[in-house]
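# Could you look at this predicted model? Sequence included:
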Amino acid sequence: MAQQKNPISVRDIDHLVLRVIDLERMLSFYCGVLGCSIERRQDDLGLVQLRAGGSLIDLVPVGGKLGAQGGAAPGREGRNVDHFCLRLDTFDEKGLCSYLVERGVPIGEVASRYGAEGEGPSIYLSDPEGNTVELKGPPSLRCSADAFRGEATAESSALQVSSMRGHCSAAEWQARVDLAACYRLVALYGMSDMMANHISARVPGEQGAFLINAYGMLYEEITASSLLKIDHNGEILSLPDFGTLNYGVNKAGYVIHSAVHAARADVECVIHTHSWASMAVSTLECGLLPITQTAMRFLKIGYHDYCGVVLNLDEQASLIRDLGSGEALILRNHGALIVGRTIGEAFNWMHRLELACRSQLAAMACNTKLVQVLQPVLEETWSNYQPQTRRPFGVMEWPALLRKLDRINPGYRD
């Protein structure tokens with residue numbers, strides 16, 4: 001078999017991305033000392049792009065939305081370079097992806113991204129020591145939505161939804177991508193209930209607005225563009241063209257999710273599930289037992305008594321009272337509710353709650369005495385899971401979960 005010709009021809013460095021601790025000090029140096037100029041600034045994402053001749057230098061504060069995904073701050077144990085980008089002379093999407101995959105190079109999604117010459121197709125990959133490299137094509141090219149996806153054809157029968165990318169801010173689009181990923185992951189890990197239930201996320205920089213799924217779509221087919229934007233009153237602020245399907249908002253979902261978003265300013269994401277394990281535990285008088293280390297994380301979980309299908313706005317007050325300032329709530333005879341300060345954190349909480357419920361049911365099914373843990377040990381273990389004693393949940397896991405989805409089917413990003 002003839003070896004494929006190398007399609008990569010590097011022209012120059014398009015941009016370099018630096019993770020920074022003190023943004024203003026770095027701006028003073030690169031602009032005041034080195035003479036660079038600010039080309040674009042996106043404070044909602046935590047990104048400042050500087051013009052450096054024909055290239056760009058991107059400054060990403062470690063405390064911002066993008067910077068938080070990169071781990072420790074610059075120093076002896078942390079890296080200050082997020083990635084660098086090589087500008088290619090040509091960009092044959094299918095040939096390039098095929099070439100890299102054939103050589104065992106881990107690759108990400110091909111997408112249009114901003115660089116020194118404007119928008120253009122690019123792809124992320126990793127070198128042998130884990131450094132991220134971006135390969136970028138000419139700005140005149142468009143990336144194909146149907147290019148090589150590791151022979152994946154799952155999207156061929158997907159619901160066709162008009163793209164919402166040009167109708168929202170960059171920050172909202174990122175929230176849409178992350179939320180669509182969360183829906184796919186909940187389905188992938190066996191926690192979905194066909195088209196029932198909802199996951200919602202606050203719209204960055206837009207007071208009183210959040211994103212939620214259109215009622216009528218399975219979790220496994222949710223995309224960034226298929227999400228609805230609604231306000232706390234349930235009014236639809238924006239939605240894609242669903243054609244004759246005319247999808248809208250499920251009232252029960254709106255009642256639960258709007259209550260949390262309105263009452264808890266610290267919450268970005270709300271997840272509600274009817275998984276078999278959480279439903280089963282919700283019927284037990286004993287509730288969730290702290291019999292495993294994972295379950296001890298939920299030592300102070302709240303409980304909300306069943307009042308029927310959640311259609312009455314009057315139930316919102318008791319729901320918020322029972323949730324309190326916590327992250328998890330068992331809805332008696334119903335299911336589970338999780339909240340998080342980020343979408344990644346919320347998924348982490350839900351995944352762990354599901355494991356705690358499943359392990360309890362498995363242990364109880366053995367019909368033998370369960371080993372109890374002393375209360376002081378339970379309290380200490382619970383304390384070890386609190387924000388003041390550890391990094392936020394999801395910071396490390398979320399990028400890895402997105403890579404997992406990208407390997408399976410990156411269609412959620414559309």
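That came through, no problem.
# Let's verify residue 360: helix, strand, or coil?
Secondary structure state of residue 360, per DSSP: H, G, I helix; E, B strand; the rest coil, is helix.
# residues in contact with it?
Residue 360 makes contact with 281, 288-289, 291-292, 295, according to CB atoms under 8 Å, 6 or more residues apart in numbering. Quick note: C-beta positions are derived from backbone N, CA and C, even for glycine.
# wouldn't residue 318 be in contact with residue 302 here?
No. With contact taken as CB atoms under 8 Å, residue 318 and residue 302 are classed as non-touching, separated by 11.0 Å.
# Compare those two (neighbour count), which wins?
Residue environment comparison for residue 318 versus residue 302 gives the larger neighbour count to residue 302, 19 against 13, counting by other CB atoms under 10 Å.
# phi, psi of that one?
phi -90, psi 170 (degrees, to the nearest 10).
# Which strand or helix spans the residue nearest the centre of the chain?
With the centre of the chain defined as its mean C-alpha position, the nearest residue by CA atoms, centre = their mean is residue 178, 3.1 Å away. Applying DSSP states H and E as the criterion places residue 178 in helix 170-188.
# residues in contact with the helix or strand following that helix?
Next along the chain after helix 170-188, taking DSSP H and E as the criterion, comes strand 198-202. With CB under 8 Å, 6+ apart as the test, strand 198-202 has contacts from 175, 178-179, 182-183, 186, 209-213, 250, 253, 256-257, 261, 267-272, 343, 346.
# and if you look at stretch 243-251?
The set of residues that contact stretch 243-251 without belonging to it, under CB under 8 Å, 6+ apart, is 159, 198, 212, 214-217, 228, 230, 234, 236, 239, 311.
# So what's the predicted local confidence for the residue nearest to the centre of the chain?
Confidence per residue is given as pLDDT, and for residue 178 that number is 95.
# Show the contacting residues for the closest residue to it other than its chain neighbours.
Once its chain neighbours are removed from consideration, residue 178 has its nearest residue in residue 343; the separation is 4.4 Å (CB to CB, 6 or more residues apart in numbering). Going by CB under 8 Å, 6+ apart, residue 343 touches 175, 178-179, 181-182, 201, 268-269, 394, 398.
# and with 6 Å instead?
The neighbours of residue 343, taking CB atoms under 6 Å, 6 or more residues apart in numbering as the test, are 178-179, 182, 201, 269.
# Also residue 337?
Residue 337 makes contact with 272, 329, 331, according to CB under 6 Å, 6+ apart.
# Report the secondary structure state of the first one.
It stands for residue 272. Classification of residue 272 into helix, strand or coil gives strand, according to three-state DSSP.
# Just grab the bridge partners of it for me.
Listed beta-bridge partners, residue 272: residue 198, residue 337 (assigned using DSSP bridges).
# For it, the count of nearby residues, please.
The local packing count at residue 272 equals 26, with neighbours defined by other CB under 10 Å.
# What of the last one?
Here the number of neighbours of residue 331 (other CB under 10 Å) works out to 24.
# Relative to residue 326, how far out is the closest residue to it other than its chain neighbours?
Closest residue to residue 331 apart from its sequence neighbours, by CB to CB, 6+ apart: residue 304 at 5.1 Å. Using CB to CB, to the nearest Å, we find residue 304 at a distance of 11 Å from residue 326.
# And the two? Which one has more around it.
Counted by other CB under 10 Å, residue 304 and residue 326 do not tie: residue 304 has more neighbours, with 20 against 13.
# What score does that one have for pLDDT?
pLDDT, residue 304: 95.
# ok, now the one 5 residues further on?
The score at residue 309 is 86. That number is its pLDDT.
# Next, it: secondary structure please.
Going by three-state DSSP, the state assigned to residue 309 is coil.
# burial of it, as a residue count?
Residue neighbour count, defined by other CB under 10 Å, stands at 11 for residue 309.
# Which parts of the stretch 301-414 of the chain are helices?
Assigned helices in the stretch 301-414 of the chain, in chain order: 315-323, 343-365, 375-384, 397-408 (criterion: DSSP state H, counting those that start in this stretch).
# Throw those helices into JSON lines and include mean pLDDT, thanks.
Output for the helices of the stretch 301-414 of the chain, formatted as JSON lines (pLDDT from 0 to 100):
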{"stretch": "helix 315-323", "mean pLDDT": "94"}
{"stretch": "helix 343-365", "mean pLDDT": "94"}
{"stretch": "helix 375-384", "mean pLDDT": "89"}
{"stretch": "helix 397-408", "mean pLDDT": "90"}
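# if we compare those helices, which one ends up closest to residue 31?
Comparison of those against residue 31 by CB to CB identifies helix 397-408 as nearest, at 30.0 Å.
# List the buried residues in that closest one.
Within helix 397-408, the residues scored as buried using 16 or more other CB atoms under 10 Å are 398, 401-403, 405-406.
# Of the residues you listed, which is the nearest to residue 192?
Of those, the one sitting nearest to residue 192 (CB to CB) turns out to be residue 405, at 14.5 Å.
# Tell me the spacing between the closest one and residue 272.
In this structure, residue 405 lies at 21 Å from residue 272, with CB to CB as the measure.
# Phi and psi next, for residue 277.
Dihedral pair for residue 277: phi -70, psi -50, per degrees, to the nearest 10.
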